[in-house]
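**Q** fold the following, please.
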Amino acid sequence: MKKMIVVAVLIAAGVAFASSLSVPWFVDTGSNGAGFPPTNGTGVQGIVYLHNNLTSDMTCAIAYYSGTGMSLGPAAPDNTFTIPANSTVAFRPVADDPSTVGGGQESAVALAVPNRPILGTDVGDGSGAKKNGSLVVAWVGGAGDVQGLIVESTNVDGSPSGRLLQYGTLLPPGV
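**A** As a prediction, the model looks like this:
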């Protein structure tokens, strides 16, 4: 009974809870300005899409991790960004790929999402300089306030008529 009273008081007081979603693994080694799907360049182009389901702007924090779970940063306060109300931001987790350059994929809003830090190779597990890993996006609010998707694609031949490999994964809400 006491637990129910505490929960009722918290709900009545409007206590906000933290929510998150994670990308369990991404690779973003693709060329900048390659278009989407990539029509030139090499590597794998990773794009994370986050949608704000609210009618107000959503401030989020992002954290990147190596394949062994080592935190790579970025440190607060350089780890925050805003998703405008009722909109989607699509960002590359490693590259700055401005849409103002031909074939670029990131809007001004997406360029504000902090990139995965590329560190020296001596970070304990040797993965600091790689362009892959996992990430967690967190915000204050309900688990359904932000939805996510990751799409990765590569142009196998590296030419405008090259073969394309592409897949996408819907990201379930976290805690």
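
**Q** ok, the residue nearest to the spatial centre of the chain - contacts?
**A** Taking Cα atoms, centre = their mean as the criterion, residue 48 is the residue nearest the geometric centre of the chain, at 4.7 Å. Residue 48 is in contact with 23, 26, 90-93, 135, 148-150, counting by Cβ atoms under 8 Å, 6 or more residues apart in numbering. Backbone N, C-alpha and C define where each C-beta goes, glycine included.

**Q** from those residues, which land in strands?
**A** Counting by DSSP state E, the part of the contacts of residue 48 found in strands is 23, 26, 90-91, 135, 148-150.

**Q** and the residues you listed, which two are furthest apart?
**A** Maximum pairwise distance in the ones in strands among the contacts of residue 48, criterion Cβ to Cβ, is 14.3 Å, between 90 and 135.

**Q** where along the chain do the strands fall?
**A** Assigned strands in the chain, in chain order: 18-27, 44-52, 58-65, 71-73, 80-83, 88-91, 132-140, 146-155, 164-171 (criterion: DSSP E).

**Q** what bits of this structure have low per-residue confidence?
**A** Scanning the chain with the threshold set as pLDDT under 70 gives 1-17, 120-126, 158-163, 173-175.

**Q** recalculate using a threshold of 90.
**A** 1-18, 30-44, 66-70, 101-104, 118-130, 153-175 (pLDDT under 90).

**Q** dump the residue contacts of residue 133.
**A** Each residue near residue 133 by Cβ under 8 Å, 6+ apart is listed here: 25-26, 64-67, 72, 93, 116, 127.

**Q** bridged to it, which residues?
**A** Beta bridges link residue 133 to residue 26, judged by DSSP bridges.

**Q** now it: how far from residue 117?
**A** Distance of residue 133 to residue 117, given as Cβ to Cβ, to the nearest Å: 10 Å.
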